[in-house]
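J.: give the three-dimensional model of this entry:
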Amino acid sequence: MKIWICLCTAVLSYQNIHAQSAKIDTEKLLEYYENQRYDDAARYLQSFYTENTQDIKALSQIAYCNMMAGKLPEAEKSYLKINALQPDHISTLFSLTSINSRRGNASKAKSYLQQIIGLDSLNFNAYKQLAGYEDNSEAKLKYLKKANTLKATDPDVAYDLSQVYRELKQYQTAYGVLKTAISADPENFILQQAQLPISNLLGKYLEVIEIGEKLLKINADPNIINDIGQAYFYVKDYQKCINMYKILEDLGIQNEGTLYYMALSYRELKDYDKAALYAQKTIDEAISDHTPLYYAALAGIYEDKNQYNDALTAYKRGLTFSQNNIIYYRMALLYDLNLKQTKNAVNSYQMYLKNKPDQEKEKQQIEYAKQRITTLAAIK
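T.: Below is the predicted model:
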């Protein structure tokens, strides 16, 4: 209703702002607005005003229609003209901010927001938007704190501010920010979910369980399950902890942490077989499939520096994570060409071949390994 009244007021105001206004079909313009045909509305209005018009009300209406139609360059041109005719008008600066934000020009958008703060040091929306442009935690914190001071119950600011405080390990402060916003909006599930991991960090385990269980009835989010599982572990309800994390495992979204808590819970329940099983699963989960390759890369660096013993140690360390034919082959070359350890070189070439290298992609390496085995065996 308010939007409709504003639109009517805006359209009807044209009857008094220009000598040509009598030609404007008010009903036609309203129809464009009603059907969100802003492009047509902008063209219609422009047909009554020259490009050089300095009528601020007309320029504002045309600029708004172009912006809503996604014609950002045209909208910016009109708003810049308005800003020149009527400098330091906050609504115009916000429009210019929006246009530049949508075009990805963060520098200009921030500049306009800074101008707004210079004109109105208590402008909540300017501080809120400025925070969104900051990657630096300190600057982001400054703007979010100011916005939160001006409107402590705004959910977006409260959420973002709590996350910054959490990163800074200021858990009690983060908790307080969320608590205030939640008290104003008890049904805000996003804020309540954001509070769960912070509550766990503060040892408010019963609160996590109470709120988390309610949230699960609305949305079975894995993050909520994870937080509840932790809380159950710390209140020593180990079976419920296992039940929670088993849900994640069944969904295939377990991680090192959830498996670790399951291992500890089974141990506390004296189910040592499952405790050992999940301890091994935790270890396996913690190891990346790429870990052997990382060690191979490290070993290669050592070889380049002629630190052959260090390279050998790195290769062997890589093999403790998984059998890897690349490591076996490079280790064989190291034994063969640099360390001159014939027996170890032959063993490594043989292990490379046993590890089933790709017959097409590694054809040359396979042939070379077979050749060196024959040559080195003859030397022995």
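J.: which residues touch stretch 93-110?
T.: Residues outside stretch 93-110 that contact it (Cβ atoms under 8 Å, 6 or more residues apart in numbering): 63-64, 67, 72, 75-76, 79-80, 83, 112-113, 115-116, 119, 125-126, 129-130, 133. Any C-beta I mention is one placed from the backbone N, CA and C, and that applies to glycine too.
J.: make a PyMOL selection of the buried ones in the residues you listed.
T.: Of the contacts of stretch 93-110, the buried ones can be selected in PyMOL as follows, counting by 16 or more other Cβ atoms under 10 Å:
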select buried, resi 63+64+67+75+76+79+83+112+113+115+116+125+126+129+130
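J.: the contacts of stretch 93-110 in helices, which ones?
T.: Mapping the contacts of stretch 93-110 onto helices (DSSP state H) picks out 63-64, 67, 72, 75-76, 79-80, 83, 112-113, 115-116, 119, 125-126, 129-130.
J.: and the strand or helix carrying T97, what's buried?
T.: Assessed by DSSP states H and E, T97 sits inside helix 90-102. Of all the residues in helix 90-102, those buried under the rule 16+ other Cβ under 10 Å are 92-101.
J.: closest one of the residues you listed to S183?
T.: Nearest to S183 among the buried residues of helix 90-102: F94, at 29.7 Å, using Cβ to Cβ.
J.: need the pLDDT of the closest one.
T.: You'll see F94 listed with a pLDDT of 96.
J.: same check on N200?
T.: Here the pLDDT value assigned to N200 is 97.
J.: where does it land in three-state SS?
T.: Secondary structure, DSSP: H, G, I helix; E, B strand; the rest coil: N200 is helix.
J.: low pLDDT regions in the stretch 251-380 of the chain?
T.: Applying pLDDT under 70 to the stretch 251-380 of the chain flags residues 380.
J.: meant to ask about the stretch 1-150 of the chain, not that
T.: Scanning the stretch 1-150 of the chain for pLDDT under 70 picks out 1-22.
J.: burial measure for Q170, as a count.
T.: For Q170, the neighbour count with other Cβ atoms under 10 Å is 16.
J.: distance check, it against A286.
T.: In this view, Q170 and A286 are 29 Å apart by Cβ to Cβ, to the nearest Å.
J.: name the nearest residue to M351, ignoring sequence neighbours.
T.: Spatial nearest neighbour of M351, excluding adjacent residues (Cβ to Cβ, 6 or more residues apart in numbering): Y328 at 4.6 Å.
J.: so what's that neighbour up against?
T.: By Cβ under 8 Å, 6+ apart, Y328 lies in contact with 319, 348-349, 351-352, 355.
J.: for the strand or helix carrying G212, which outside residues touch it?
T.: Assigning secondary structure by DSSP H and E places G212 in helix 205-218. The set of residues external to helix 205-218 that reach it, using Cβ under 8 Å, 6+ apart, is 189, 192-193, 195-196, 199-200, 221, 224-225, 227-228, 230-232, 234-235.
J.: so of those, which ones are in helices?
T.: 189, 192-193, 195-196, 199-200, 224-225, 227-228, 230-232, 234.
J.: for PyMOL, write a command that selects the buried ones of those.
T.: In PyMOL, a selection of the buried entries from the ones in helices among the contacts of helix 205-218 looks like this (16+ other Cβ under 10 Å):
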select buried, resi 189+192+193+195+196+199+200+224+225+227+228+230+231+232
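J.: need the phi and psi values for N306.
T.: phi 60, psi 30 (degrees, to the nearest 10).
J.: cool, and G252?
T.: Dihedral angles for G252 - degrees, to the nearest 10 - are phi 80, psi 20.
J.: count the residues that sit near it.
T.: Around G252 there are 6 residues (other Cβ under 10 Å).
J.: any buried residues in stretch 44-55, and which?
T.: Buried, per 16+ other Cβ under 10 Å, within stretch 44-55: 44-46, 48-49, 55.
J.: cool, and stretch 328-340?
T.: For stretch 328-340, burial by neighbour count (16+ other Cβ under 10 Å) applies to 328-336, 339.
J.: distance of N226 from Y245?
T.: N226 is 8 Å from Y245, where distance means Cβ to Cβ.
J.: touching both of these two, which residues are there?
T.: Common contacts of N226 and Y245 (Cβ under 8 Å, 6+ apart): T258.
J.: higher neighbour count, the two?
T.: More crowded of N226 and Y245, by other Cβ under 10 Å: Y245, with 27 against 24.
J.: how about the contacts made by the residue nearest to that one when sequence neighbours are not counted?
T.: Counting by Cβ to Cβ, 6+ apart, Y245 lies nearest to T258, which is 4.4 Å off, once chain neighbours are set aside. By Cβ under 8 Å, 6+ apart, the residues touching T258 are 226, 229, 245, 248-249.
J.: mind redoing it with 10 Å?
T.: Neighbouring residues of T258 by Cβ atoms under 10 Å, 6 or more residues apart in numbering: 222, 225-226, 229-230, 241, 244-249, 278, 281-282, 285.
J.: quick check: which element contains Q254?
T.: Using DSSP H and E, Q254 sits in no helix or strand.
J.: ok, it to I287 distance?
T.: Counting by Cβ to Cβ, the gap from Q254 to I287 is 14 Å.
J.: next: S60.
T.: S60 sits 62 Å away from I287, going by Cβ to Cβ.
J.: do I have it right that I247 meets P222?
T.: Yes. Applying Cβ atoms under 10 Å as the test, I247 and P222 come out as touching, 8.4 Å apart.
J.: lovely, talk soon.
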